[in-house]
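Student: the amino acid sequence is not available; the structure is as follows:
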């Protein structure tokens with residue numbers, strides 16, 4: 001039985017917790033959840049999932065899923081759906097789920113992804129109704145011939 005008087009025990013049996021001890025336990029639990037990542041944290045604009053494309057035609061999600069074909073390891077999966085939530089494309093790249101990736105749409109409905117593990121930058125675009133992945137470059141250094149670049153907001157703060 002719980003008492004409002006902090007000087008009286010919560011349970012007169014085996015456990016003898018006081019209200020002040022319960023309050024401290026609650027604080028410790030909240031702190032543990034926050035440190036373990038279980039507490040809700042404001043999402044970053046370059047890791048927002050789901051994320052609607054500028055045209056409103058597509059929805060991007062980037063869940064971490066376990067792959068039974070690859071020893072059940074976790075991988076980030078770029079997944080593009082239409083506005084009715086029908087999956088149009090799901091990437092099978094090996095972006096390790098225990099490491100960070102960052103993603104954004106650009107103004108042309110292309111998805112961009114920065115892989116923090118390798119520093120590589122990728123993009124996905126629809127051509128003829130099919131989504132394809134292409135490698136853009138490393139960090140902020142373009143390695144393709146096309147005249148396009150990722151949005152500046154794609155990169156986390158530590159990338160110069």
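Tutor: On my side now, so go ahead. For clarity, every value in this text was computed on a predicted model and none was experimentally measured. Numbering: from 1, shown residues only.

Student: residue contacts, the residue positioned nearest the centre of the chain?
Tutor: In the chain, the centroid-proximal residue (Cα atoms, centre = their mean) is residue 47; its distance is 5.1 Å. Counting by Cβ atoms under 8 Å, 6 or more residues apart in numbering, residue 47 makes contact with 62, 100, 101, 102, 103. Placement of C-beta: from N, CA and C, glycine included.

Student: domains of this structure: list them as residue ranges, please.
Tutor: What automatic domain parsing lists as the domains of the chain is 1-41, 45-154.

Student: give the closest residue to residue 136 in space, chain neighbours not counted.
Tutor: Nearest residue to residue 136, sequence neighbours excluded (Cβ to Cβ, 6 or more residues apart in numbering): residue 121, at 4.4 Å.

Student: what does the helix or strand containing the one you found contact?
Tutor: Element membership for residue 121, per DSSP states H and E: strand 120-127. The contact list for strand 120-127 (Cβ under 8 Å, 6+ apart) reads 78, 80, 88-89, 91, 93, 106, 108-115, 131-139, 148, 150, 154.

Student: is it possible to mark the buried ones in the residues you listed?
Tutor: 78, 80, 89, 91, 106, 109-115, 131, 136, 150, 154 (16 or more other Cβ atoms under 10 Å).
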